[in-house]
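K.L.:
Turn this into a structure:
(2 chains)
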Amino acid sequence: MPEALNFLREMNNKGLKPNVITYSTLIDAFCKEGMMQEAVKIFMDMKRVGLSPNEFTYTSLIDANCKAGNLSEALKLKKEMFQEGISSNIVTYTALLDGLCQDGRMEDAEEVFREVLETGISPNQQIFTALVHGYIKAKRMENAMEIWKEIKGKGFKPDLSLYGTIIWGLCSQNKLEESELVFSEMKGCGSTPNHFIYTTLMDAYFKAGKTKEALNLLQEMLDNGIEFTVVTYCALIDGLCKKGLLQEAINYFRRMPDIGLEPNVAVFTALIDGHCKNNCIEAAKELFNEMLDKGMIPDKAAYTTLIDGNLKHGNLQEALSVEKRMREMGMELDLYAYTSLIWGLSHFGQVQQAKILLDEMIGKGILPDEILCICLLRKYYKLGYLDEAFELQTEMVNKGLITGTCDYAVPNART
DNA sequence: AGACAGTATT
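P.N.:
You can find the predicted model right below:
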């Protein structure tokens, strides 16, 4: 798309001199559209016509590169910026720190944060939130809470993002009571939780088996006029299904269009799984077809759910045909799909086929967990393939998949 | 003119 450069030239011809702001705005727009090459072209053109990029220009490019996972390019730009004598500001640092956090490079992110302090820039909520989020993602909740306490010690009033991040972090660590305290404190301080926060907490309540609390929160959302999103419905439908409240889940699902929302693949998958696990495989298949009829493209999770549902209902052939369709769609099987299929095949006594899939997954660098390995081993023993079982057991021990201390020949109710 | 937060499958 060379239109942007033409556009700039046209502006010039009309005597409307594009300035640094014009160029920076265009660069940022192309970055946000994911058209990096185009953004870079404008960046180079800007330099060519003698305009100097400033902190805004660089920040847009650094942020876009971070979000695209090109950390090295982002760091290169930061260095270039420094060499050009343009100082980074809090927004530049936040973009870079967040990029490093998203990439799991916490030591580098901490280094960036130190640089902020050393430069004399006072950190604001956004950069604290980015850092807190990084720690949570790295499963270092203790560090996240230290920052949280530090912020509150400084007398900052946490904003919605920070409250939301902390609540999400505590939920992800199954620290529901603490999460609840922060949630109450938030409301007490006059902040109104948004749909992100309500959805996070409701989902956590459902996952912890606290159905009543989850439903109370749902009511609170309705009372406070909080917007429902597709994700809210997804968490709600999944939670209801897992509690066996299938009809309730269906009702919410069917009422989504009433408020202008259409179920996406994730919502269908939650409901399909719910039907499978509540003994309604036929209805699950109908839902899957309904999804196809709507022109939606099932993802790995959707296919895996249908495969697993069929296996658990004794339909091995149908499960294998779904697997075939999945592969024909050009999808690689993942840990979930392999686990389900290997379990199913061994359950039906097809241990050779299960072994083929096991080798295939290991070949791709996807490692089965110990439970799956033991499940397959026990089936070998049970079917009387003792030599093969022993061989497989040795192989699994050598690959570090099992510890090898159990007596797998002992029949087990689960196999 | 630029930065930070949530969901479904074994």
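K.L.:
Nearest to DNA strand B: which residue in chain A?
P.N.:
A:Ala266 (2.4 Å; C-beta to the nearest atom of the strand). All C-beta atoms are positioned from the backbone trio N, CA, C, and that covers glycine.
K.L.:
residues in contact with A:Asp45?
P.N.:
A:Leu5, A:Leu8, A:Tyr23 (C-beta atoms under 8 Å, 6 or more residues apart in numbering).
K.L.:
Quick check: chain neighbours aside, which residue is closest to the first one?
P.N.:
Closest residue to A:Leu5 in three dimensions, ignoring its sequence neighbours and counting by C-beta to C-beta, 6 or more residues apart in numbering: A:Asp45, at 5.9 Å.
K.L.:
Show me which of the contacts of A:Asp45 are buried.
P.N.:
Neighbour-count burial (16 or more other C-beta atoms under 10 Å) applied to the contacts of A:Asp45 gives A:Leu8, A:Tyr23.
K.L.:
any chance of the contacts of A:Asp45 in CSV, plus secondary structure?
P.N.:
Listed next are these as CSV, based on DSSP: H, G, I helix; E, B strand; the rest coil:
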residue, secondary structure
A:Leu5, helix
A:Leu8, helix
A:Tyr23, helix
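K.L.:
Intersect the contacts of A:Asp45 with the contacts of DNA strand B.
P.N.:
Among the contacts of A:Asp45, not one lies near DNA strand B by C-beta under 7 Å from any atom of the strand.
K.L.:
my read: A:Glu227 touches A:Pro193, true?
P.N.:
No. With contact defined as C-beta atoms under 8 Å, A:Glu227 does not count as touching A:Pro193 (11.6 Å).
K.L.:
Look at these two and report which has more neighbours.
P.N.:
More neighbours surround A:Pro193 than the other of A:Glu227 and A:Pro193, with 22 against 10 (other C-beta atoms under 10 Å).
K.L.:
Grab the nearest non-local neighbour of that one.
P.N.:
A:Met186 is the one closest to A:Pro193 (C-beta to C-beta, 6+ apart), at 6.2 Å.
K.L.:
For burial, what's the neighbour tally of that neighbour?
P.N.:
20.
K.L.:
likewise A:Thr25?
P.N.:
Neighbours around A:Thr25, by other C-beta under 10 Å: 15.
K.L.:
gap between it and A:Ala337?
P.N.:
A:Thr25 sits at a distance of 45 Å from A:Ala337 (criterion: C-beta to C-beta, to the nearest Å).
K.L.:
Also A:Ala68?
P.N.:
28 Å.
K.L.:
mind giving me the domain split of chain A?
P.N.:
Domain segmentation of chain A under automatic domain parsing yields A:124-226, A:228-328, A:332-415.
K.L.:
just to revisit the earlier point, comparing A:Ala68 and A:Ala337, which residue is more hemmed in?
P.N.:
A direct count of neighbours by other C-beta under 10 Å for A:Ala68 and A:Ala337 places A:Ala337 higher, at 25 against 14.
K.L.:
would you list the domains of chain A in TSV and tack on distance to A:Phe82?
P.N.:
Converted to TSV, these look like this (distance: least, C-beta to C-beta, whole Å):
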stretch	distance to A:Phe82
domain A:124-226	19
domain A:228-328	40
domain A:332-415	39
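K.L.:
Serialize those domains to a markdown table and add fields for mean pLDDT and distance to A:Leu100.
P.N.:
Below are the domains of chain A laid out as a markdown table (pLDDT from 0 to 100; distance: least, C-beta to C-beta, whole Å):
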| stretch | mean pLDDT | distance to A:Leu100 |
| --- | --- | --- |
| domain A:124-226 | 94 | 7 |
| domain A:228-328 | 95 | 27 |
| domain A:332-415 | 88 | 25 |
